[in-house]
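J.: Here is the input, now give the coordinates:
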Amino acid sequence: MSVQVAAPAVELKELGGPRDKGAAAPSRPAEPGLLPAPGLGVAGAPCPLPAPAGEREAAAPGPGCGAERPPVSGCPGLPAAGLPPGAAKVPQASAMKRSDPHHPQHRHRDGGDGGGGAGREALVSPDGTVTEAPRTVKKIQFADQKQEFNKRPTKIGRRSLSRSISQSSTDSYSSAASYTDSSDDETSPRDKQQKNSKGSSDFCVKNIKQAEFGRREIEIAEQEMPALMALRKRAQGEKPLAGAKIVGCTHITAQTAVLMETLGALGAQCRWAACNIYSTLNEVAAALAESGFPVFAWKGESEDDFWWCIDRCVNVEGWQPNMILDDGGDLTHWIYKKYPNMFKKIKGIVEESVTGVHRLYQLSKAGKLCVPAMNVNDSVTKQKFDNLYCCRESILDGLKRTTDMMFGGKQVVVCGYGEVGKGCCAALKAMGSIVYVTEIDPICALQACMDGFRLVKLNEVIRQVDIVITCTGNKNVVTREHLDRMKNSCIVCNMGHSNTEIDVASLRTPELTWERVRSQVDHVIWPDGKRIVLLAEGRLLNLSCSTVPTFVLSITATTQALALIELYNAPEGRYKQDVYLLPKKMDEYVASLHLPTFDAHLTELTDEQAKYLGLNKNGPFKPNYYRY
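T.: Coordinates of the predicted model:
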């Protein structure tokens with residue numbers, strides 16, 4: 001059975017000499033027995049197949065190709081013009097010979113210069129008959145090719161420096177609609193007049209037109225956040241956050257958007273800013289603004305923009321926040337310092353970072369915390385999952401995207417062996433890296449040693465390591481002295497929340513040259529030519545330079561939502577003006593909401609077993625002093 005393949009519409013463009021534009025050269029009927037073998041052109045060379053759509057370039061053949069291309073009739077799969085039925089079945093490789101174009105018996109000269117007989121080849125059949133090859137050698141040019149390449153714009157919108165610096169690989173859309181022209185990119189969002197489809201302008205994002213892209217990302221994130229979706233479904237009828245006015249300052253990503261929309265579904269009003277100038281996904285911020293959430297954030301904010309956005313969330317006429325959801329403590333600090341009367345009316349604060357929790361404990365110790373606060377960072381579901389498992393995966397992602405490096409055999413020093421440090425070390429060790437650890441806590445230090453890592457002081461290895469990663473939440477862990485002693489091309493990055501772990505400010509001096517090599521990647525060059533590779537200007541690597549696993553963020557976001565519900569609905573006097581851990585029962589509830597994803601089945605205690613352990617059959621199953 002023979003199968004005929006329809007040939008694409010093509011235009012034959014002549015190479016042998018000038019002809020009228022667009023006119024196809026007349027094809028000369030070929031005789032049976034004179035066709036080349038399948039896969040060969042007229043002269044016995046391999047037949048080029050039509051290039052893919054993106055490669056249909058009407059340029060001359062490159063190196064390695066003959067100066068002439070075979071006619072269409074020599075290509076298998078394309079119909080031979082003028083051939084009688086069945087003629088394509090008889091070609092034989094032995095029935096043709098290539099003539100020597102320089103031999104006088106085989107070269108015909110008729111004085112033609114272009115499309116004439118100069119250099120014309122002949123085909124020789126087995127009976128000795130000599131037949132001329134077609135008059136001209138033609139090249140395939142697809143009909144849409146000329147139109148496609150002629151439509152190139154004469155002026156291409158240039159992305160500004162600020163755009164190229166702030167744009168990250170986390171921008172997952174790839175449509176021209178998301179890359180507007182230079183005039184739009186060079187305008188600060190603070191100077192734009194934007195409105196969503198409902199006519200509201202109570203937001204400030206990079207480009208509200210990107211909302212459709214952001215909505216797709218939010219929908220994808222919802223599929224990997226089962227607990228939040230279950231919570232939304234279970235509590236939506238009750239509206240446990242009705243009347244809550246939540247002001248938030250977190251990373252604005254698709255996962256945070258799912259949290260915000262869940263809080264909205266539970267009855268809360270929300271206003272939001274970003275806790276990191278590099279981690280905002282512009283299209284997600286646009287989608288939230290389009291949905292009616294007052295969002296003030298964009299990727300690549302300046303320090304002034306950062307505080308301006310926080311103030312726009314808080315300082316709104318006729319709107320008094322009564323709950324705070326913070327990541328890093330900046331929002332809490334701003335309200336406490338600038339709006340003390342507003343701060344006193346807050347019902348509760350939920351904080352999820354080491355830095356922010358540290359600030360809250362300082363306020364509490366000084367007797368200045370007049371609001372009950374929930375320490376979500378030290379809840380088991382946050383510590384063990386977000387800090388450990390999330391960082392174990394995202395550290396490699398961030399380093400790969402920014403440096404394209406190979407980890408095998410590299411010497412790495414990880415500063416800090418808390419949950420974040422443990423995750424980073426485990427990932428790097430699994431990839432074949434030689435990992436050193438620095439620690440101040442003898443318990444964490446002993447854990448590092450038992451896990452097979454060498455405990456060192458940073459000064460001892462700073463000259464030899466290839467990568468330095470900070471995971472402490474402390475200040476000036478890597479100083480200018482350390483940076484001066486690092487070897488050429490050492491990579492320096494931070495996985496702790498605070499951007500103070502690496503003394504980046506000390507690098508902004510006249511004798512050092514900063515060179516932006518790609519988004520979130522800077523070469524800092526010393527006068528002698530030595531350079532280090534600084535990632536995200538010392539800010540959080542995984543959220544600035546890559547992404548974080550959605551499922552892990554589902555655990556953290558559900559913990560935050562339950563903490564807000566607990567503080568908002570707690571009866572008077574349950575929580576005093578202090579910092580509290582999330583109740584153990586809530587930690588267990590968050591974990592249980594995620595188990596169905598794995599088709600996991602919990603074992604239930606018998607009455608006898610519960611009595612023996614002194615536990616309620618429904619939990620909590622561990623005392624507060626238990627260390628997981």
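
J.: Next, count neighbours for the nearest residue to T550 once chain neighbours are set aside.
T.: Nearest residue to T550 in three dimensions, chain neighbours excluded: E224, at 3.7 Å (Cβ to Cβ, 6 or more residues apart in numbering). C-beta coordinates here come from the backbone N, C-alpha and C atoms, glycine included. Neighbour count for E224, taken as other Cβ atoms under 10 Å: 18.

J.: from memory E224 sits against V548, does it?
T.: No. Counting by Cβ atoms under 8 Å, E224 sits too far from V548 to count as a contact (11.1 Å).

J.: quick one: common contacting residues for those two?
T.: Listed as contacting both E224 and V548 by Cβ atoms under 8 Å, 6 or more residues apart in numbering is no residue at all.

J.: To which secondary structure element is the closest residue to M486 other than its chain neighbours assigned?
T.: Counting by Cβ to Cβ, 6+ apart, the nearest residue to M486 once its immediate chain neighbours are dropped is I532, at 5.5 Å. Element membership for I532, per DSSP states H and E: strand 531-535.

J.: how distant is the biggest helix by length in the chain from the center of its chain?
T.: In the chain, assigned by DSSP state H, the helix with the most residues is helix 550-569. Helix 550-569 sits 24 Å away from the centroid of its parent chain (Cα atoms, centre = their mean, to the nearest Å).

J.: downstream neighbour of it in the secondary structure list?
T.: Helix 550-569 is succeeded, C-terminally, by strand 579-581 (DSSP H and E).

J.: Run through the neighbouring helices and strands of that next one.
T.: Here strand 579-581 touches helix 354-365, strand 373-375, going by 3 or more Cβ pairs under 8 Å, 6 or more residues apart in numbering; DSSP states H and E.

J.: Would you single out the least confident of these?
T.: Mean pLDDT per stretch puts helix 354-365 lowest among the helices and strands packed on strand 579-581, at a mean of 92.

J.: mind listing what's buried in that helix?
T.: 354-360, 363 (16 or more other Cβ atoms under 10 Å).

J.: helices and strands of the chain: which one bottoms out on pLDDT?
T.: Least confident element among the helices and strands of the chain, by mean pLDDT, DSSP states H and E: helix 161-166 (a mean of 32).

J.: Do I have it right that the residue nearest to M486 meets D484?
T.: No. Assessed by Cβ under 8 Å, I532 is found out of contact with D484, at 9.7 Å.

J.: The two - which one has more neighbours?
T.: Shown here are I532 and D484; by other Cβ under 10 Å, I532 has more neighbours (21 against 13).

J.: what is the more buried one paired to in the beta sheet?
T.: Beta-bridge partners of I532, counted by DSSP bridges, are C490, V524.

J.: Which secondary structure elements does the helix or strand A286 falls within sit against?
T.: Here A286, judged by DSSP H and E, is contained in helix 282-290. In this structure, helix 282-290 makes packing contacts with helix 211-223, helix 254-265, strand 295-296, judged by 3+ Cβ pairs under 8 Å, 6+ apart.

J.: pLDDT averaged over the last one - what is it?
T.: This points to strand 295-296. 97.

J.: Touching, R531 and V524? I think so.
T.: Yes. With contacts defined as Cβ under 8 Å, R531 counts as touching V524 at a distance of 6.3 Å.

J.: Mind listing the shared neighbours of these two?
T.: Contacts common to R531 and V524, judged by Cβ under 8 Å, 6+ apart, are E515.

J.: Give me the residues contacting stretch 430-438.
T.: 396, 407-417, 421, 425, 428-429, 445, 448, 453-458, 461, 465, 467.

J.: From these, which land in helices?
T.: Those of the contacts of stretch 430-438 lying in helices (DSSP H): 396, 421, 425, 428-429, 445, 448, 458, 461.

J.: Among those, which pair sits farthest apart?
T.: L396 and A445 (24.2 Å; Cβ to Cβ).

J.: and the residue nearest to T550, what is it in contact with?
T.: 549-551, 554.

J.: Now render those residues as CSV, adding pLDDT.
T.: Listed next are the contacts of E224 as CSV, based on pLDDT from 0 to 100:
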residue, pLDDT
P549, 90
T550, 93
F551, 93
S554, 93
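
J.: ok, so of those residues, who is nearest N322?
T.: Of the contacts of E224, the one sitting nearest to N322 (Cβ to Cβ) turns out to be S554, at 25.9 Å.

J.: if I look at the closest residue to that closest one other than its chain neighbours, how far off is T256?
T.: Closest residue to S554 apart from its sequence neighbours, by Cβ to Cβ, 6+ apart: M225 at 3.7 Å. Applying Cβ to Cβ, to the nearest Å, the value for M225 to T256 is 11 Å.

J.: Doesn't G248 lie inside a helix?
T.: No. Looking at G248 with DSSP: H, G, I helix; E, B strand; the rest coil, it is strand, so not inside a helix.

J.: so T472 is in which element?
T.: Counting by DSSP H and E, T472 is part of no helix or strand.

J.: Identify the residues contacting it.
T.: By Cβ under 8 Å, 6+ apart, T472 lies in contact with 415-416, 418, 421, 496, 501.

J.: swap in C424?
T.: Listed by Cβ under 8 Å, 6+ apart, the contact partners of C424 are 391-392, 395, 414, 469, 471, 495.

J.: now do T256
T.: 250, 272, 284, 553, 557.

J.: one step back: any idea how far the residue nearest to T550 is from G416?
T.: In terms of Cβ to Cβ, E224 sits 28 Å off from G416.

J.: same thing with N499?
T.: On the measure of Cβ to Cβ, N499 and G416 end up 15 Å apart.

J.: repeat for H333
T.: Distance, H333 to G416, by Cβ to Cβ: 23 Å.

J.: How are the strands of the stretch 401-550 of the chain distributed by residue range?
T.: Ranges of strands within the stretch 401-550 of the chain are 411-415, 434-438, 454-455, 467-470, 490-494, 513-518, 521-525, 531-535, based on DSSP state E, counting those that start in this stretch.

J.: what mean pLDDT does the fifth one have?
T.: Yep, that's strand 490-494 we're talking about. Regarding strand 490-494, the rounded mean pLDDT is 97.

J.: One more: the first one?
T.: Averaged across strand 411-415, the pLDDT comes to 98.

J.: ok, back up a step: quick one: buried ones out of the contacts of T256?
T.: 250, 272, 284, 553, 557.

J.: returning to that earlier point: max pairwise distance over the contacts of T256: which two?
T.: Comparing all pairs in those by Cβ to Cβ, the longest separation belongs to W272 and L553, at 15.7 Å.

J.: pretty sure E283 is touching K209, no?
T.: No. E283 is beyond contact range of K209, at 9.5 Å (criterion: Cβ under 8 Å).
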